[in-house]
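Asks: Predicted model, plus sequence, below.
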Amino acid sequence: MRVIRDLTDLPDNLRGGAVTVGNFDGVHRGHARIVDRLIQIARDQGGPTIAFTFDPHPATLLRPDRVPPPLTTTDRKADLLGHLGIEAVVAFPTDSAFLQLTARQFFDQILVDALGASAVVEGPNFFFGHDREGTVSLLEAFCRDAGIHFEVVAPFEAEEQTVSSSRVRRCIAEGRVEEAAEMLTQPYRVAGLVIHGAGRGATLGFPTANVDMVPTLLPNEGIYAGRAYVEGQPLPAAISLGPNPTFDEGGLKLEVFLLDFEGDLYGQLIEVEFLARLRDVARYDSVDALLDQMKQDVAKTRQIIARASH
């Protein structure tokens, strides 16, 4: 799977394929349904599959004070789309000139001239062009006139509600990571840099990696079971997100105890995957009481990891 950031770098073997355009934030099951249909059409036509997305999200430029926190970085988004079978992701650099393109210009310059699309697949709530003037109906008409196959894929529903990035975002923000995982194509994951912390965890027998500079949405405060990915290798992890009231430490901190790891992670980029929320952050009357609870958290984490591995 290739990530292309400049359309002038698009090789000939990636032109003339089946294309889907969108933000794909989180890469949820609704996106997967579009990709599945895209792959079927590409196989019938004998061309490649292309996902065209934006970097950064257009809202970053259009309404920076109201831009939603992202669920995925562009690289993570591309990885997830690649796992679904997409052959190439175009991460188009969003700028003011691009946002001024009319719906007609976007269709002609991007879909026809640059990508040479033979098919386009979208969801029913797709908009394109300046001020989101382009609708699915307009895109269908453009494609029909240009001889491009066009399809609209029905949204994916969970518990009788449409799965969307905003719905996933609400679940994550409220700490409902298991519910979010049911809507996503993979459990929710963030990435950040390991920095030096207070060093207290090591003295208590639970050395933790303090993760900072996370560019995506963090779940609500709490203790979680999950995995940490170190150089791509998954390791079971008990995760604390929030303050440390037992030691009178405030502020939001992401601390990750890797259950089966010994080594120095300082300065490394690691990924943290949230599988289940175990409990709220709490103050304990003594260090021994905290340690007892941490041992219980680790035991529950092992159980959850074991179930997730089967």
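Replies: That came through fine.
Asks: alpha carbons only for contacts and neighbour counts from here, please
Replies: Noted.
Asks: any chance you could map the helices in this protein?
Replies: Counting by DSSP state H, the chain has these helices, from start to end: 29-45, 59-62, 74-84, 96-99, 103-106, 136-146, 165-173, 177-183, 200-203, 287-308.
Asks: any idea how far residue 283 lies from residue 153?
Replies: Note on residue 283: its distance to residue 153, by C-alpha to C-alpha, to the nearest Å, is 49 Å.
Asks: next one: residue 234
Replies: Taking C-alpha to C-alpha, one finds residue 234 at 34 Å from residue 153.
Asks: likewise residue 58?
Replies: Following C-alpha to C-alpha, the distance that separates residue 58 from residue 153 is 23 Å.
Asks: More neighbours: which of residue 283 and residue 153?
Replies: Just comparing residue 283 and residue 153: by other C-alpha atoms under 10 Å the higher neighbour count belongs to residue 153, 17 against 14.
Asks: Show the contacting residues for the residue nearest to that one when sequence neighbours are not counted.
Replies: When the adjacent residues along the chain are set aside, residue 153 lies closest to residue 123, with 5.1 Å between them (C-alpha to C-alpha, 6 or more residues apart in numbering). With contacts defined as C-alpha atoms under 8 Å, 6 or more residues apart in numbering, the neighbours of residue 123 are 34, 152, 153, 154, 155.
Asks: Out of those residues, flag the one nearest to residue 244.
Replies: residue 155 (41.4 Å; C-alpha to C-alpha).
Asks: Would you confirm that that closest one contacts residue 165?
Replies: No. With contact defined as C-alpha atoms under 8 Å, residue 155 does not reach residue 165; the gap is 11.9 Å.
Asks: higher neighbour count, these two?
Replies: Neighbours per residue, other C-alpha under 10 Å: of residue 155 and residue 165, the larger number sits with residue 165, 23 against 19.
Asks: pretty sure that one is in contact with residue 29, am I right?
Replies: No. The pair residue 165 and residue 29 fails to qualify as a contact (C-alpha under 8 Å) at a distance of 9.9 Å.
Asks: Residue 283 versus residue 246, what's the distance?
Replies: In this structure, residue 246 and residue 283 are separated by 5 Å, where distance is defined by C-alpha to C-alpha.
Asks: now residue 100
Replies: Per C-alpha to C-alpha, residue 100 is found 53 Å from residue 283.
Asks: Likewise for residue 103?
Replies: Distance check for residue 103 against residue 283: by C-alpha to C-alpha, it reads 55 Å.
Asks: do the same with residue 177
Replies: The gap separating residue 177 from residue 283 is 23 Å, by C-alpha to C-alpha.
Asks: Quick one: residues contacting residue 80.
Replies: Under the criterion of C-alpha under 8 Å, 6+ apart, the contact list for residue 80 reads 27, 185, 186.
Asks: neighbour-wise, which of these leads?
Replies: For those, neighbours tallied by other C-alpha under 10 Å; top is residue 27, 24 neighbours.
Asks: pLDDT wise, what is that one at?
Replies: Turning to residue 27, the model gives it a pLDDT of 98.
Asks: Check residue 66 too.
Replies: As predicted, residue 66 sits at a pLDDT of 86.
Asks: Then the one 5 residues further on?
Replies: At residue 71, the predicted lDDT confidence score is 98.
Asks: so what's it up against?
Replies: Listed by C-alpha under 8 Å, 6+ apart, the contact partners of residue 71 are 25, 26, 169, 216, 217.
Asks: just residue 275 next, same as before
Replies: Neighbour list for residue 275: 177, 178, 181, 187, 188, 224, 225, 226, 227, 304 [criterion: C-alpha under 8 Å, 6+ apart].
Asks: at 10 Å what do you get?
Replies: The neighbours of residue 275, taking C-alpha atoms under 10 Å, 6 or more residues apart in numbering as the test, are 176-181, 186-189, 224-227, 237, 301, 304-305, 308.
Asks: List buried residues within those residues.
Replies: With burial judged by 16 or more other C-alpha atoms under 10 Å, the buried subset of these is 176-181, 186-189, 224-227, 237, 301, 304-305.
Asks: quick one: terminal-to-terminal distance for stretch 263-274?
Replies: Between the opening and closing residues of stretch 263-274 lies a distance of 22 Å (C-alpha to C-alpha).
Asks: Thanks a lot, see you next time.
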